[in-house]
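Engineer: Need the 3D shape of this:
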Amino acid sequence: MKNLSIQIKIMTMAIFVIVLFTFFIALDSINTIKNISKINIDTYKKEAYLNKKKELENYISIAHTTITSIYNRGEKIQIKKDLEAHSSQLFNIINKVYDKFNNKIPKEELQEKLKFIISNARFGKNGYYWVNDFNSNMIMHPIHPEFVGQNFVDKQDENGVYFIREAVNVARKNNSGFINYVWEKENSSKSEPKISYVKVFKPYNWVIGSGVYINDIKKSLKKETIETISQMRYGKTGYFWINDMQPKMIMHPISTSLNGKSLKNYKDPNGIYLFNEMVKICKNGKNEGVVNYSWIKPGHKIPEAKLSYVKKFKQWNWIIGTGAYVDDIENQINLMKEQTKNDINDIIKSFFIKIIISVIVVIFLINILIKYNIIMPIRDFQYSFMSFFDYINSKSPKIKLTQNESNDEIGQMSKILNNNIIIAKEKFDEAVRLKNELKTLNDKLEIKIKDEVQKNHNIEEKLFESEKLASMGEMIGNIAHQWRQPLSVISTASTGMIVQKEFGNLSDDKLIHACESINENAQYLSKTIDDFKNFIKGERVKKSFRIEDELHSLLKLIEGSAKSNNIEIILDLEKGLSINSYENELTQCMMNIYNNAKDALVENVQSKRFIFICTKKIGDEISITVKDNANGIPKKVLPKIFDPYFTTKHQSKGTGLGLHMTYNLIVNGMKGSIEATNIQYEYNEQNYNGALFTIQLPIA
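Structural biologist: All right, here's what the predicted structure looks like:
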C-alpha cells in the first residue's frame, strides 16, 4: 500500500468499505423482507378473520334488530295503544249516532240502535266489545248472549280476579283504563291471559270493554319473525337460522330437515358439538360470540371450515346465527405465501445486480473527483461567497467572483453565485435610487390625496343637493294631490254661480256663500305655496322656532302623499317646545325619514298603515321619535342604513344618500344625535312591528 498512489488508496478503501457495507445491508434487508412478509401474512390472516367476524356480527345485528322491532310491536304498550285506538274509533261512531238521534227518537230505541252497532263491531281476528253498567250488570255481550241481564259483581276468573268489578272501578275512577285477567278463549275450554280496555259512555253510564289474548299476539309475532328471518339473505350464500337454548332447531332455511329436531347430539366431522357450543357462548355475559366448525357448503358434498356468529334474543330464549365459509381466506393466505417467496428471490437477484453496478459507478466518480481536485474549487467558492457578504456589509468596495468554469456541482453553484451577486448588486443600486425618489413621490401623493378628498367632498355636496331636489319633486307631487279638491271646489262654485245667474236663481246669500268658499280654498292654496316656498328657499339660518309648527308645516307638505298611499299619520306633540336651530334642515331630515317609512309601508303592509310622530322634552334636549308598522328593518341592514350610498331600493328609486344626509345634518349641523332601532308595540289592542327613529336635539 505504501507504493500506491493516493488516488488508488482512496479508491481501494472506498471499494472495500462499499462492498462490505453493501453485503451486510443485503443480508439484513433479505431477513427484514422475510420477517415483514411473515408479519404481513399473519396480520392479513388475523384481520381477514376479524373482518369476517365483524361482517357476520353486523349481519346478525341486522337480524337481531329486525326481531327486536317485531317483538316491540307486540309489547303490552303497543297492545294497549291498539286497544285504545280501536275503542276510540268505536266511540267516534256511537257518539255521532247519539248526537244525531238524541231527543229525536225514544231513548230505548236509541239505546238499542247503539247496542246493535257495538255488538257488530270487530277488530283483528277475534276482537269484540261488551257493555255493562256501573252496577256490574251485563247489558250486551256479542259472544255470550246468555250473560245479558246477569250481575258480574262477584264473578271471578281462575286467579280470583273480580274482572267486571275491577273494570267498573277503573271506569268510575279514571273514565277509562286497562285490566288484566284470564278468560276462556272462544271455541276452547282453556283459559288464557287477556288484557282489556274499558271506557265509559257517559250519556248512559255504560262501561264498554274490549280485549285481546296475549298468547295470540306472541304466537303471531313468533310466526311473523320466523317467516321474515327465513327469507333474509346477503351476498351469494348468506342466510340466518334460529335455534333455542335446548338446543332445538326452530328454523333453518337451507337444511329444512333439521327444523323441530333436537341438536344436542349433532356434531361436525371433527367431533365439535357446534350447537351446544352456541348455547355455551350465549350463556356468557355478552350473550353472543363466534363458533368455528365444519359444515356442508351449498352445492358441495364435503364439509368445509366455517365461521359462525350467534347472538341470543333474550325475550324468547332464541339463538340467531349466521356463518361464512373461510376457505377463500385460507386460499388467499397460501397464495400470498407463494407470491412472497417468489418476490424475495427476485429481490435478491435484483439486489446483487444493483450492488455490482453501484460499485462500478462509485469507482468512476471517485476517480473524477480526485482528478479534478475538488478541494480547490471549494476554496474558490468559499472566498467569493465571503467577499459578497463583505460588499453587502460595506466592508469592501469590490466583489471577487469565482473563477471555476467546470460543469460539476461546484462549478454550477459558482456560476449561480456569480449571477446572483451581479443581480444583487444591480438591485442594491436600484434600491438606493428608489429610496431617493421615494420622498418626492410621497410629497406628490399627499397633494394628490388632498385634491381627491376635495373632489369627493364637492361630489357629495352635489349628491346631497340632488337628494333634496328629489324630495322637492316628491313634494310637488304631494302638493298636486292637495290642490285637486280645492281647485275642484273653486271650479264647482264659480260654474254654479254662472248657471244660477243664467237661470235667475243666484240670490245674494248663494253668491256670498260661493264667494266665501272660493276665498277659503284660495287661502288654503296660498298657504300651501308659502309652506313649499319656505322649504325650497334652502336658507341655512339659525333661528328659534316651535317644533310643533315645523311638524304641522311638514304634515301639510306630505298630506297628499299620505292620503294617496292610505297612510294614517298620528301626532303626539308636547305643546310649547321651542329650539334654536336650522328649521329648513330639520324639515329635510323629517321628510327623508317619512319617505323611507312610506316606501317600507307600501312594500310590506297591505292595510292599516301607520306613522307615529311624537315629541317631548327630556332634560336640556328635545326628543323627536318616528315609528311605523312596516315590520322593521332587517338585522343585516340596520347597522348600515346611515352609510353613504347604501340602499336596498332599485337604483331608479334611491341614491342611498337620504339617511346619510339626515345623519350629517342632525349630528354635524345641529349637534344632535339620531339612531334607528326595531320596535314592538301595541296600538288599538293590536300588536305591531316596525322601525323607530329617535332624534335628540339640544334646546340651545
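
Engineer: leaving aside the residues next to it on the chain, what's closest to Met590?
Structural biologist: Closest residue to Met590 in three dimensions, ignoring its sequence neighbours and counting by CB to CB, 6 or more residues apart in numbering: Leu554, at 5.3 Å. C-beta coordinates here come from the backbone N, C-alpha and C atoms, glycine included.

Engineer: what's near enough to touch the one you found?
Structural biologist: Thr587, Met590, Met591, Tyr594 (CB atoms under 8 Å, 6 or more residues apart in numbering).

Engineer: And it, how far from Leu692?
Structural biologist: Noted for Leu554: a distance of 18 Å to Leu692, by CB to CB, to the nearest Å.

Engineer: now swap in Lys34 and tell me
Structural biologist: The gap separating Lys34 from Leu692 is 84 Å, by CB to CB.

Engineer: Ok, Val541 next?
Structural biologist: Counting by CB to CB - Val541 and Leu692 are separated by 30 Å.

Engineer: Which residue of these two possesses the greater neighbour count?
Structural biologist: A direct count of neighbours by other CB atoms under 10 Å for Val541 and Leu692 places Leu692 higher, at 18 against 8.

Engineer: where does that one land on pLDDT?
Structural biologist: For Leu692, the pLDDT comes out at 96.

Engineer: Distance of it relative to Trp183?
Structural biologist: From Leu692 to Trp183 the distance is 73 Å (CB to CB).

Engineer: Of the contacts of Leu554 - the most surrounded one?
Structural biologist: Using other CB under 10 Å as the neighbour test, the contacts of Leu554 are led by Tyr594, with 25 neighbours.

Engineer: which one is that residue nearest to, not counting chain neighbours?
Structural biologist: Ranked by CB to CB, 6+ apart and with sequence neighbours excluded, the top spatial neighbour of Tyr594 is Ile558, at 5.6 Å.

Engineer: what about that neighbour, how many residues close to it?
Structural biologist: Neighbour tally, Ile558, other CB under 10 Å: 23.

Engineer: Strands along the stretch 151-300 of the chain, start to end?
Structural biologist: 176-184, 191-201, 206-213, 241-244, 249-251, 288-296 (DSSP state E, counting those that start in this stretch).

Engineer: which strands and helices sit next to the longest one?
Structural biologist: Right, strand 191-201. Counting by 3 or more CB pairs under 8 Å, 6 or more residues apart in numbering; DSSP states H and E, the packing neighbours recorded for strand 191-201 are helix 76-101, helix 163-174, strand 176-184, strand 206-213, helix 214-231.

Engineer: Same check on the shortest one?
Structural biologist: Using 3+ CB pairs under 8 Å, 6+ apart as the contact criterion, the elements in contact with strand 249-251 are helix 214-231, strand 241-244.

Engineer: what pLDDT, on average, does it get?
Structural biologist: Mean predicted confidence for strand 249-251 is 90.

Engineer: Likewise for stretch 16-24?
Structural biologist: Confidence for stretch 16-24, expressed as mean pLDDT, is 73.

Engineer: Please point out which parts of that stretch sit buried.
Structural biologist: Of all the residues in stretch 16-24, those buried under the rule 16 or more other CB atoms under 10 Å are Ile18, Thr22.

Engineer: and it, how far out from the chain's middle?
Structural biologist: A distance of 65 Å separates the centroid of the chain from that of stretch 16-24, by CA atoms, centre = their mean, to the nearest Å.

Engineer: what are the phi and psi angles of the residue nearest to Met590?
Structural biologist: Phi and psi for Leu554, reported as degrees, to the nearest 10, are phi -60, psi -40.

Engineer: Flag the shaky bits of the stretch 201-350 of the chain, pLDDT-wise.
Structural biologist: For the stretch 201-350 of the chain, the stretches flagged by pLDDT under 70 are 298-299, 328, 330-332.

Engineer: re the thing from before, for the helices and strands packed on strand 191-201, which one ends up most surrounded?
Structural biologist: Counting by mean count of other CB atoms under 10 Å, strand 206-213 has the highest mean neighbour count of the helices and strands packed on strand 191-201, with a mean of 22.

Engineer: That one - contacts with which helices or strands?
Structural biologist: So strand 206-213, by 3+ CB pairs under 8 Å, 6+ apart, packs with helix 76-101, strand 129-132, helix 163-174, strand 191-201.

Engineer: Can you say which of the ones you listed is nearest to Thr225?
Structural biologist: Each of the helices and strands packed on strand 206-213 has some distance to Thr225 by CB to CB; the shortest is helix 76-101, at 14.9 Å.

Engineer: Could you tell me the angle between the closest one and helix 214-231?
Structural biologist: Counting by axes from the mean of the first three to the mean of the last three CA atoms, to 10 degrees, helix 76-101 lies at 120 degrees to helix 214-231.

Engineer: ok and whichever helix or strand comes after helix 76-101 relative to helix 76-101, angle-wise?
Structural biologist: Using DSSP states H and E, the helix or strand that follows helix 76-101 towards the C-terminus is helix 107-120. Interaxial angle, helix 107-120 versus helix 76-101 (the same axes, to 10 degrees): 150 degrees.

Engineer: which outside residues touch helix 107-120?
Structural biologist: In this structure, residues lying in contact with helix 107-120 by CB under 8 Å, 6+ apart are 90, 93-94, 97-98, 101-102, 105, 129, 131, 139-140, 142, 201, 204, 208.

Engineer: cutoff 10 Å now
Structural biologist: Residues from elsewhere that reach helix 107-120 (CB atoms under 10 Å, 6 or more residues apart in numbering): 90, 93-95, 97-98, 100-106, 128-131, 139-143, 145, 148, 201, 203-204, 206, 208, 210.

Engineer: Buried ones in that helix, by neighbour count?
Structural biologist: Those would be Leu110, Gln111, Leu114, Lys115, Ile118, Ser119, for helix 107-120 by 16+ other CB under 10 Å.

Engineer: What's the separation between the fifth one and Asn259?
Structural biologist: Okay, so that is Ile118. The value you get for Ile118 to Asn259, if CB to CB is used, is 44 Å.
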